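Enquirer: Any chance you could fold what I've pasted below:
(one chain, ligands or ions: 1)
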Amino acid sequence: MADKPVRVRFAPSPSGDLHVGNIRTGLYDWAYARHTGGTFVFRIEDTDRTRVTDEYIHAAIESMRWLGLDWDEGPEVGGGYGPYLQSQRMHTYREWTRRFLHEGHAYHCYCTPEELEERREAARAAGRPPGYDGRCRDLTDADRAAFEAQGRVPTVRFRMPEGTTTFTDLVRGEVSFDNRLVPDFVLVRADGYPLYTLAVAVDDVLMEITHVVRGEDLLSSTPRQVAVYRAMGVAEDDLPQFAHLPFVMGQDNAKLSKRHGAITIGWYRQHGFLPEAMCNYLALLGWSPGEDREFFSLAEMARDFTLERVNRNAARFDMKKLEAINGDWIRALEPADFAARITPFLQTAGLVAQPPTEAELRIISGGAPLIQERTVRLTEAAEMLGFLLVDDAHFSVEPEAASRLLTPESRPALEAAHAALAGLGEWTTADIESALRTALIDKLGLKPKIAFSPVRVAISGRRVSPPLFESLELLGRNRSLSRLQAALDRIPTG
Ligand code: GLU
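Expert: Numbering: from 1, shown residues only. This is a model prediction of the structure:
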């Protein structure tokens, strides 16, 4: 095995949007393949088409692409071991089922679900392990014929060998299972449907997978999987190597699950997280490049990733930390890139046309640098730049800001600002700033905060906004003046 080229697969069963735990696995699979110069295989485990739909498969592919994870073999790219959708490989599973039956690795089981349940109950009551008791292991032809005469349709069960299953997990070290605790399991349902344990093992072998890097929740299925590999005739030295990644827990210390709400990758995309930040943060859930480095790109992860550095302990998902990393990534973007990334969020908020107009593009590219430093999620851009983009008929001042700052005491500052700006020659940030400082601070003798806060509220509608003078320049003279006038008009006189 050691000298074989690395082939590592990511094999999700997308029965919904991929969640952050799945993606963490996919990311580690990818990084391991890239670090070793191996092949990254993306396989969709969709034998259960009642749960895994075309829509979810498509979304999974989309999410991987969005994150920047490319695959060498798999859906859309093909490869020499396809097809890579298990639903298109049914004949292969049927073929192996026939061989297993023929060679005695599997047998027909005629027990009905009701009988199985009854015996499970009885075993539990007697303190015995409740797994399958092997009743159909050694049926004679006559037994089988009798069952079939009763109209029973069999499942196919794998005959678990005796002994122990021991393997060296590349994260957890040596792991051993007593096969007595691994009952014979169903490979094919009565309706002819192959189950996960069959398909996963058959495909790992046929796709010549060398490394199975996946979540710890699948650790307990490993002895079954190894037994199927062996039944397929794989030599001990050629068995894939396993690496089970630590659980990801929610902030409440429970295993991350649907209950935690924000767990699908689509949610993060919609809520303004960058793919770079998602990869960076998910990488840290169980791995780190060392030297306390916490900010790195996919390329750096690929360069530095080793399984030795994967943690055995559960990782905790921490939204605050993810946000901090997202903010770091936002600050690291080129300004034009940042402007391009916020544009779809401004469109979703209804502030920008699709495609944006010239005027909108000018405001976006001028406004983006004003907010880039303080943006944590891209979605915030709509809130921060909305006042520059919204059409004047829909502009409004937050009531709380109005009641605190658009008061009779503010009238002199607002009037002076209006007059100074109305008479201004050049409409540039520098000229605007100097005109306002002269009029409000030098002439009226106001403190800057007292002088500019009402102007800010009049212009932006809020008490917190991007830098005022730059905002005024972007907004333009006419719109600025009409907002100042509107603010004055609402102040009660007297
Ligand atoms: N398809 C399985 C799942 O999504 C994972 C298979 C594997 O990685 O072995 O749970």
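Enquirer: okay, and the helix or strand of the protein with the least pLDDT?
Expert: In the chain, the helix or strand scored least confidently by mean pLDDT, DSSP states H and E is strand 248-249, which has a mean of 91.
Enquirer: could you point out the longest helix in this protein?
Expert: helix 20-36 (DSSP state H).
Enquirer: Using CSV, write out the CA atom coordinates for it.
Expert: Below are the C-alpha coordinates for helix 20-36, written out as CSV (Å, rounded to 0.1, in the frame of the first residue of the first chain):
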residue,chain,number,x,y,z
VAL,A,20,-20.3,22.2,8.1
GLY,A,21,-19.3,18.7,9.4
ASN,A,22,-19.5,17.2,5.9
ILE,A,23,-17.6,20.0,4.5
ARG,A,24,-14.9,19.8,7.1
THR,A,25,-14.5,16.1,6.0
GLY,A,26,-14.4,17.1,2.3
LEU,A,27,-11.8,19.8,3.1
TYR,A,28,-9.5,17.4,4.9
ASP,A,29,-9.9,14.8,2.1
TRP,A,30,-9.0,17.5,-0.4
ALA,A,31,-6.1,18.8,1.6
TYR,A,32,-4.7,15.3,2.1
ALA,A,33,-4.9,14.5,-1.6
ARG,A,34,-3.3,17.8,-2.5
HIS,A,35,-0.6,17.6,0.1
THR,A,36,0.4,14.1,-1.0
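Enquirer: is any part of that helix close to the ligand?
Expert: No: judged by Cβ under 6 Å from any ligand atom, helix 20-36 and the ligand are separated, with a smallest distance of 6.8 Å. Where C-beta positions appear, they are placed from N, C-alpha and C, glycine not excepted.
Enquirer: After that helix, heading C-terminal, what element do we hit next?
Expert: strand 39-42 (DSSP states H and E).
Enquirer: Quick check: which helices or strands does that next one pack against?
Expert: strand 7-10, helix 20-36 (3 or more Cβ pairs under 8 Å, 6 or more residues apart in numbering; DSSP states H and E).
Enquirer: and these, which is most packed in?
Expert: Of the helices and strands packed on strand 39-42, the one with the most neighbours on average (mean count of other Cβ atoms under 10 Å) is strand 7-10, at a mean of 25.
Enquirer: how distant is that strand from the center of its chain?
Expert: 19 Å (Cα atoms, centre = their mean, to the nearest Å).
Enquirer: which residues in the stretch 301-450 of the chain form helices?
Expert: Counting by DSSP state H, counting those that start in this stretch, the stretch 301-450 of the chain has helices at residues 319-332, 335-348, 358-371, 380-389, 399-405, 411-422, 429-436, 448-460.
Enquirer: Mean neighbour count, mean pLDDT and distance to the ligand for the ones you listed - can I get that in JSON lines?
Expert: Below are the helices of the stretch 301-450 of the chain laid out as JSON lines (neighbours: other Cβ atoms under 10 Å; pLDDT from 0 to 100; distance: least, Cβ to the nearest ligand atom, whole Å):
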{"stretch": "helix 319-332", "mean neighbour count": "17", "mean pLDDT": "97", "distance to the ligand": "23"}
{"stretch": "helix 335-348", "mean neighbour count": "18", "mean pLDDT": "98", "distance to the ligand": "30"}
{"stretch": "helix 358-371", "mean neighbour count": "17", "mean pLDDT": "97", "distance to the ligand": "39"}
{"stretch": "helix 380-389", "mean neighbour count": "22", "mean pLDDT": "97", "distance to the ligand": "34"}
{"stretch": "helix 399-405", "mean neighbour count": "15", "mean pLDDT": "95", "distance to the ligand": "48"}
{"stretch": "helix 411-422", "mean neighbour count": "19", "mean pLDDT": "97", "distance to the ligand": "61"}
{"stretch": "helix 429-436", "mean neighbour count": "18", "mean pLDDT": "98", "distance to the ligand": "54"}
{"stretch": "helix 448-460", "mean neighbour count": "21", "mean pLDDT": "96", "distance to the ligand": "48"}
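Enquirer: Save these as a markdown table, and put in distance to Gln251 too.
Expert: Below are the helices of the stretch 301-450 of the chain laid out as a markdown table (distance: least, Cβ to Cβ, whole Å):
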| stretch | distance to Gln251 |
| --- | --- |
| helix 319-332 | 7 |
| helix 335-348 | 26 |
| helix 358-371 | 28 |
| helix 380-389 | 22 |
| helix 399-405 | 31 |
| helix 411-422 | 46 |
| helix 429-436 | 43 |
| helix 448-460 | 34 |
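Enquirer: Quick one: closest of the ones you listed to Asp178.
Expert: helix 319-332 (40.0 Å; Cβ to Cβ).
Enquirer: Give me the angle between that closest one and helix 20-36.
Expert: On the basis of axes from the mean of the first three to the mean of the last three Cα atoms, to 10 degrees, helix 319-332 is oriented at 50 degrees to helix 20-36.
Enquirer: helix, strand or coil for Phe242?
Expert: With DSSP: H, G, I helix; E, B strand; the rest coil as the basis, Phe242 sits in strand.
Enquirer: okay, it: pLDDT?
Expert: On pLDDT, Phe242 comes in at 98.
Enquirer: list the contacts for it?
Expert: Phe242 makes contact with Phe167, Asp169, Leu170, His211, Val212, Val213, Arg214, Thr222, according to Cβ atoms under 8 Å, 6 or more residues apart in numbering.
Enquirer: if we go to 6 Å?
Expert: By Cβ atoms under 6 Å, 6 or more residues apart in numbering, Phe242 lies in contact with Asp169, Val212, Thr222.
Enquirer: Same question for Val228.
Expert: By Cβ under 6 Å, 6+ apart, Val228 lies in contact with Ala201.
Enquirer: Can I get the strand or helix carrying it in PDB? Just the C-alpha atoms.
Expert: Using DSSP H and E, Val228 sits in helix 222-231. Only the C-alpha atoms of helix 222-231 are listed here, as PDB (Å, rounded to 0.1, in the frame of the first residue of the first chain):
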ATOM      1  CA  THR A 222     -15.300   0.300   9.900                       C
ATOM      2  CA  PRO A 223     -15.200  -3.400  10.900                       C
ATOM      3  CA  ARG A 224     -18.100  -4.200   8.600                       C
ATOM      4  CA  GLN A 225     -16.400  -2.300   5.800                       C
ATOM      5  CA  VAL A 226     -13.100  -4.000   6.300                       C
ATOM      6  CA  ALA A 227     -14.900  -7.400   6.300                       C
ATOM      7  CA  VAL A 228     -16.400  -6.600   2.900                       C
ATOM      8  CA  TYR A 229     -13.100  -5.500   1.500                       C
ATOM      9  CA  ARG A 230     -11.600  -8.800   2.600                       C
ATOM     10  CA  ALA A 231     -14.500 -10.700   1.100                       C
END
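Enquirer: In contact with Thr155, which residues are there?
Expert: Thr155 touches Cys109, Val186, Arg189, Ala190, counting by Cβ under 6 Å, 6+ apart.
Enquirer: can you rerun that using 7 Å?
Expert: Cys109, Val186, Val188, Arg189, Ala190 (Cβ atoms under 7 Å, 6 or more residues apart in numbering).
Enquirer: in the sheet, who's paired with it?
Expert: Using DSSP bridges, the beta-bridge partners of Thr155 come out as Cys109.
Enquirer: Sounds good, over and out.
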